[in-house]
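**Q** here is a sequence together with a model predicted from it:
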Protein chains: 4
Amino acid sequence: MAAHRLSEDAKGVYIISATPFGDNGALDLDSADRLTDFYVETGVDGITILGMMGEAPKLSADEAVAFMKRVVARVRDTHPVVVGVSGAGLDNMARLAGTAMDAGAAGVMVAPMAGLSTEERIHAYYAQVFKALGEDTPVCYQDYPQTTGVHISVGCFTRLTRDFPQLVMLKHEDCPGLDKLTRVRAQAEAEGVRRVSVLVGNGGLYLPQELARGADGAMTGFAYPEMLVGVVGKHRDGERDAAEDLFDAYLPLVRHEQQPGFGLAVRKEILRRRGIIESAATRAPGPSLTPDDHKELDRLIARVERKSRELTDGS
Amino acid sequence: MAAHRLSEDAKGVYIISATPFGDNGALDLDSADRLTDFYVETGVDGITILGMMGEAPKLSADEAVAFMKRVVARVRDTHPVVVGVSGAGLDNMARLAGTAMDAGAAGVMVAPMAGLSTEERIHAYYAQVFKALGEDTPVCYQDYPQTTGVHISVGCFTRLTRDFPQLVMLKHEDCPGLDKLTRVRAQAEAEGVRRVSVLVGNGGLYLPQELARGADGAMTGFAYPEMLVGVVGKHRDGERDAAEDLFDAYLPLVRHEQQPGFGLAVRKEILRRRGIIESAATRAPGPSLTPDDHKELDRLIARVERKSRELTDGS
Amino acid sequence: MAAHRLSEDAKGVYIISATPFGDNGALDLDSADRLTDFYVETGVDGITILGMMGEAPKLSADEAVAFMKRVVARVRDTHPVVVGVSGAGLDNMARLAGTAMDAGAAGVMVAPMAGLSTEERIHAYYAQVFKALGEDTPVCYQDYPQTTGVHISVGCFTRLTRDFPQLVMLKHEDCPGLDKLTRVRAQAEAEGVRRVSVLVGNGGLYLPQELARGADGAMTGFAYPEMLVGVVGKHRDGERDAAEDLFDAYLPLVRHEQQPGFGLAVRKEILRRRGIIESAATRAPGPSLTPDDHKELDRLIARVERKSRELTDGS
Amino acid sequence: MAAHRLSEDAKGVYIISATPFGDNGALDLDSADRLTDFYVETGVDGITILGMMGEAPKLSADEAVAFMKRVVARVRDTHPVVVGVSGAGLDNMARLAGTAMDAGAAGVMVAPMAGLSTEERIHAYYAQVFKALGEDTPVCYQDYPQTTGVHISVGCFTRLTRDFPQLVMLKHEDCPGLDKLTRVRAQAEAEGVRRVSVLVGNGGLYLPQELARGADGAMTGFAYPEMLVGVVGKHRDGERDAAEDLFDAYLPLVRHEQQPGFGLAVRKEILRRRGIIESAATRAPGPSLTPDDHKELDRLIARVERKSRELTDGS
């Protein structure tokens, strides 16, 4: 049983963890340990693994379980772990979710499968999902139409919330999505529907605005989690300008890391340079950096670290 | 004012008209006259122009109006003409629709613009459309997600029907769509919502099955309209097997003409061979036939015409 | 080692096998045995398993291997088995392919992963694939852009053929694709590039035309494989009209089974009605038939079987 | 004849102009005059009109010509005007391009039409386009696959450059696109192919990095053109850090304005607040701002203007 259980009260930063591989492509569990410790030290409130940026579909079923158990075992007494279980078939999804919950995960994340082209289909799909997972498994809905191709309306999400108590969290990364976030909050309140936790994704690209519109934090994977933690914390403390100053200092890198597909190589390389993971390798077929990309990154990192130091020194 | 006005009672075959060009690409209005007469002679109940297969986006605004007026003038006393007015902006849409209705068109057809990714957006868009067109303009909803990328659920279509009296017809060509058609009829009846006319598209590829599920006819553009007319007529007369025998005789060509994009070149070439239009040219960039395509078509036509003769002789 | 090894000489019908499940969703290996035997009895030349219509992504890794070994063991002395190994990561692909080849499979089929948006990327991806699989694994390229979203030009396919001797077969199901097939043959000949085997998919919807344009047969999954075998055989024997008469008799059902997504439920139900598999269940989330769908299918089957009998009796 | 003619030497900032409408939706040519003057005063090197952000498809043909002539007439002696002419049919494209060139435009911009799924098709399409436009019309290729769905490889763009002397400019906005830009330059140089002008789009989101990789400037439409002009100028003068400091000061707003679809409403509202255009209205169906959006924008603008002042005061 998990010390933590995902609920509507979740807030703060749930970092999306990378999955470290060696240069030879093998799962690198020692780096995974260091990475988990690093995330904890930066002050995150939870960890999400096996998400899209976690290269989950490139792991074997055994590797996915091994990585999941390693991370959960390391933090289960202190931090909730959310496990991505999205996939084509409900049997595989239920099996992985069951294994995760048994190992002590706090909940699972499910993105809609491709091809759910109407609300009727989205609702019917999640009805199947919730039934397959069992009512003891808390679920986070990942709303990322840029990749899934599935668009959920505010009305449909509100209906899902009303119909399924297991649905406790929205990972919000539709774009443009600021008004949608406002309406998610407004419609639930207007209809007297449970307020779920909303954590935002998209690399945090709109984090200050989203916090102002009612997000409870971020669930995303920027290579400087301390920025995400700082922004969410300052915002909670009412220091909106300080939060935004911190955010803006890192924004050039947030934007750089947010390039679709390619950004994962940037993120892993920064984590490698920071001494956390052994290799920046992604599994084939995956992105990698050219010498020009490296030089560009040198400069971006130097500028961002200088600005963030100035901010700290100046405050 | 039109002698005919599109309404929920529409049934039979509304042929989707090709737009004839000369080999030089100029609009060929003489061929348009012959084509209109030909359609009437095959027994169609109405004509739809400036649809997707009518190469509407390749016409100038003036050409579109000239073609529209020519066709409407030729048949307005006897046959309803439906004018496709789909497009990116409501101003252009309203202008063309107004011109068409003034000239004597029976109604207009509007496909959802690209990017309407949720029911909220579809409903809001059509609310704008109906307002822009004015309540005196009857509208056919073209449900063709294969091209528009917009998927409407049965529930959303039923809501549109309830909310907007102008919506009198569904051009049904979602695929797979047989069960959807059954549910369109069932949900309207269950909720006491007006029964609209449903005409089917997709080149008629599923026509017999769709008639059995409650379609009122076809709105599509096969180069042998007499088959569509015959199948719908026999089905209405309760001769289901005869209807299906006739359909099956032409099915190899229906399937051939139904190839996305390319099919238009086939359709125009058959109309040309039948002596109806002067040239099979499509406007650039558009499909055309290679010598191999021609040889293949020779054979397909020969076989279909032989079979349909056998059917007539045998009956 | 396989008694058979996939090569450029492959021809005839490689049936795409369904994967049978019990009503409870469990893999049904007894039905798999009967299905394999049935395919062999209808005269197919090979069997392809774990393709898109084989619900492969809904199997666990262990189930995929179990099913694969069962089919291969049953026919490896007499019939080549091609194993679909497409997937997001090369490690998983190489592992499954290795297991399959060790068990006696004849070769593997690889569709391009989503997102390969240029020829440069397609070529680079297959270079990685061929290296990961090893040069002893013959590969069939599945060209099915309707589902993969990846479009390969004739020039790029020809380059792949020239660069990688392992590429021995094209599963051709681009649509429209008739002219493309002609150009695949013409460009290889013009450039002196190896002639690969081309088997066509799309449920066989254009089979007679494709055979005339240089296809070596079909790799698809119609529920009456005897039709595919008959058409390919008669065509090879120069009886083009007889081939096409046979094809046309089944065309209403070919077209019905070819409805995207839904068609799998039709196919499995026909196989169930024919007494071959125990249950028509697809794994969740998957399509199923309504009572109306069943009634419609009753009629389509009755008509097709009557017509095919008339054809046999008449000949 | 134009005082300017688009060529490979173009550099600096070609601002993408909004198209101003009144609150009633009518084209507002007085605002267009002020907007044109404003752009010129900020120091832009050229103006691009009737692009995707210019709501071109929502104009009637007459409106498009009226707006084009107004802008061209105002600046033709001093600034090149590039006219977007992309569209479904080559006849309409050639007509608009001819009218524009006759009026004194410097060149035209053509995005690939939807559905060009292979390099063969892209090349064939542009061959048709160049022929239809005539060799006296310089062309900018708009590479924006996020909207067009058409992906061009570096190899294919290089071939187009070699084959068609009219192709003088690339509007680069593929994303991720930094490495692509490097390769566009490298491959042309390696093959001895003409160096074309490369101006970058995407709202300038990666402008400093793109300048470092060989871009000649920007062709995009940020509401503070003075930032784009400043960044390009400082970069040209070798002041890379100053360029990037200026860019970073505006980045929160660049990112905000870059939200797909919605960003146009932000851009027009800022231009309205700055006193340049009368109304921020977009044509229906188009985006607009909610009260929350306005409040959010207040804050973003206040912060950006404060930061940019600090930068000026501090330097």
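**A** On my side now, so go ahead. Note that this is a predicted model, so its numbers are computed, not measured.
**Q** in chain A, which spans are helices?
**A** For chain A, the helices defined by DSSP state H occupy A:29-42, A:61-75, A:90-103, A:119-133, A:145-148, A:154-163, A:178-191, A:207-212, A:225-236, A:240-257, A:263-273, A:291-314.
**Q** ok, which of those helices comes nearest D:D77?
**A** helix A:240-257 (38.5 Å; Cβ to Cβ). Backbone N, C-alpha and C define where each C-beta goes, glycine included.
**Q** how distant is that closest one from the center of its chain?
**A** 18 Å (Cα atoms, centre = their mean, to the nearest Å).
**Q** same check, this time on stretch A:271-279
**A** With Cα atoms, centre = their mean, you get 20 Å for stretch A:271-279.
**Q** and it, which residues are buried?
**A** A:271-272, A:276-279 (16 or more other Cβ atoms under 10 Å in any protein chain shown).
**Q** same thing with stretch A:176-186?
**A** A:176-185.
**Q** which bits of the stretch 101-250 of chain A sit near chain C?
**A** A:113, A:115, A:125, A:128, A:132 (Cβ under 8 Å from any Cβ of the partner chain).
**Q** got the contact list for the second one?
**A** This means A:G115. Counting by Cβ atoms under 8 Å, 6 or more residues apart in numbering or on different chains, A:G115 touches A:121, A:149-150, C:261.
**Q** rerun that using 10 Å as the cut-off
**A** A:121, A:125, A:148-150, B:151, C:147, C:260-261, C:285 (Cβ atoms under 10 Å, 6 or more residues apart in numbering or on different chains).
**Q** re earlier: quick one: which two of the residues of the stretch 101-250 of chain A next to chain C are the most distant?
**A** A:G115 and A:A132 (17.8 Å).
**Q** if we can go back for a sec, tell me the one of the buried residues of stretch A:176-186 nearest chain D?
**A** Nearest to chain D out of these is A:P176 (Cβ to the nearest Cβ; 3.9 Å).
**Q** any idea of the pLDDT on the closest one?
**A** pLDDT for A:P176: 96.
**Q** look at the closest residue to chain C within the stretch 151-300 of chain A and report its pLDDT.
**A** Closest to chain C within the stretch 151-300 of chain A is A:A284: 4.4 Å, counting by Cβ to the nearest Cβ. What the model reports as pLDDT for A:A284 is 91.
**Q** now swap in A:A88 and tell me
**A** 80.
**Q** contacts only, for A:V72.
**A** Going by Cβ under 10 Å, 6+ apart, A:V72 touches A:2, A:36, A:47, A:49, A:79-81, A:83, A:100-106.
**Q** list buried residues within these.
**A** Judged by 16+ other Cβ under 10 Å, buried ones among the contacts of A:V72: A:2, A:36, A:47, A:49, A:79-81, A:83, A:100-101, A:103-106.
**Q** against A:M52, how distant is the closest residue to A:E135 other than its chain neighbours?
**A** Once flanking residues are discounted, A:E135 sits nearest to A:Q166: 5.8 Å by Cβ to Cβ, 6 or more residues apart in numbering or on different chains. Relative to A:M52, A:Q166 is positioned 22 Å away (Cβ to Cβ, to the nearest Å).
**Q** could you find the closest non-adjacent residue to A:I122?
**A** Nearest one to A:I122, counting by Cβ to Cβ, 6+ apart, is A:L116 at 4.8 Å.
**Q** is it true that that neighbour touches A:T148?
**A** Yes: with contacts counted by Cβ atoms under 10 Å, A:L116 reaches A:T148, the gap being 8.2 Å.
**Q** which one of the two is surrounded by more residues?
**A** A count of neighbours by other Cβ atoms under 10 Å in any protein chain shown puts A:L116 above the other of A:L116 and A:T148, at 21 against 18.
**Q** show the contacting residues for that one.
**A** A:122-126, A:148-152, B:151, C:285 are the contacts of A:L116 under Cβ under 10 Å, 6+ apart.
**Q** what's the farthest-apart pair in the buried residues of stretch A:271-279?
**A** A:I276 and A:S279 (11.1 Å).
**Q** between the two, what contacts are shared?
**A** With Cβ under 10 Å, 6+ apart, A:I276 and A:S279 have common neighbours A:20, A:31, A:268.
**Q** low pLDDT regions in the stretch 1-150 of chain A?
**A** A:1-3 (pLDDT under 70).
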